[in-house]
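J.: test case, fold it:
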Amino acid sequence: AVAFLAGRVILRVLPLVLVPVFYSIFSRLKFYFFFRVGRGVSRRPPPVSFENLPLADPLTAHSFHSTDTKQDTAELDTEGRLLLAAREVFAQKGLHGASTKEITDAAGIQKSTLHYYFRRKEDLYATVFERAFAEMIEPLAQAFEESSSFKEILRAFVAHHVRAYADNPVNVRLWMHENLIGAPVSGPLLRRYDQFPNSPYRRFVESLSEAIEAGEIRSVDPIQTFVTVMGACLFFHVAQPSMVTTLPSKVGRPDEELDVEAFLDAREDAVFDLLYNGLVA
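T.: Sure thing, here's the model as predicted:
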């Protein structure tokens, strides 16, 4: 009778002891195989290579234009609000300075919602930058469709870059932060983009080279000239805060404030005249 009772007690107690033991062993094995064997020794995800991101042709990719047509941000879909908020935060703090919490707070969404659309902050940043680039390049490509001679292409190129960054100051800040960290997205994006036959930047350089061969303009280094044109168009936008307060003083009117709109209107003609007349053979 004693042995029978002891056996029943053991049968009742033994599962209570063994189940936690086996559960603990199983949990440890699952952790080991999932994180160490399945995903590598470290739980941290591998570093992102922007070179391998599936960047689309900016002329066919979505831009912020369609997003911005809705005046009220609350009317946008969740992804649209997320992308607009991310652009603002990335433009203020850059890729490494921005946190996902700041982005989700600005978009008015939960952090889990961000990860529903984008696995990592770097993926979100790449998409934001791709759309910002598409927003800047679409109007230039359209203007080039109506231009044939180098003179027309140069005028369209200058007019676009003088105005595009004035109309999109957030993109200026985004590009500045991107260059400060070594252009991890814009570098691969521009290299891939120049492989497309409708790349306005490649067409500009090709048109410049053709004009040299035709004797329309004097012989210059196409790449050096491209950089000079870009610099002449963009420097004011990069340095605008200091330019607005100091340019009038250079002509003896230190108490005046620069009329930016009038200045930009004159800037388009001034840059074009200086560059084209300097290039004419």
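J.: ok, now how distant is the closest residue to Ser186 other than its chain neighbours from Phe196?
T.: Counting by CB to CB, 6 or more residues apart in numbering, the nearest residue to Ser186 once its immediate chain neighbours are dropped is Glu178, at 5.2 Å. C-betas here are computed from N, CA, C, even on glycine. Per CB to CB, to the nearest Å, Glu178 is found 20 Å from Phe196.
J.: show me the residue at the heart of this protein, geometrically.
T.: What sits nearest the mean C-alpha location of the chain, by CA atoms, centre = their mean, is Phe129, with 1.4 Å.
J.: wait, it sits on Ser186?
T.: Yes - when contacts are counted by CB atoms under 8 Å, Phe129 is listed as touching Ser186 (6.6 Å).
J.: who touches both of those two?
T.: Glu178 (CB atoms under 8 Å, 6 or more residues apart in numbering).
J.: point out where the chain drops to low pLDDT.
T.: 1-76, 281 (pLDDT under 70).
J.: can you give me the helices for it?
T.: Using DSSP state H, the helices of the chain run over residues 2-31, 64-68, 78-97, 100-107, 111-117, 121-145, 150-167, 169-180, 186-193, 200-213, 222-238, 240-246, 260-279.
J.: quick revisit: now do the same contact list for the residue nearest to Ser186.
T.: Counted by CB under 8 Å, 6+ apart, Glu178 has contacts 94-95, 129, 184-186.
J.: again, only using 7 Å
T.: Residues near Glu178 by CB atoms under 7 Å, 6 or more residues apart in numbering: 129, 185-186.
J.: thinking again about what came up before, which residues touch the residue nearest to the centre of the chain?
T.: Contact analysis of Phe129 by CB under 7 Å, 6+ apart lists 174, 178, 185-186.
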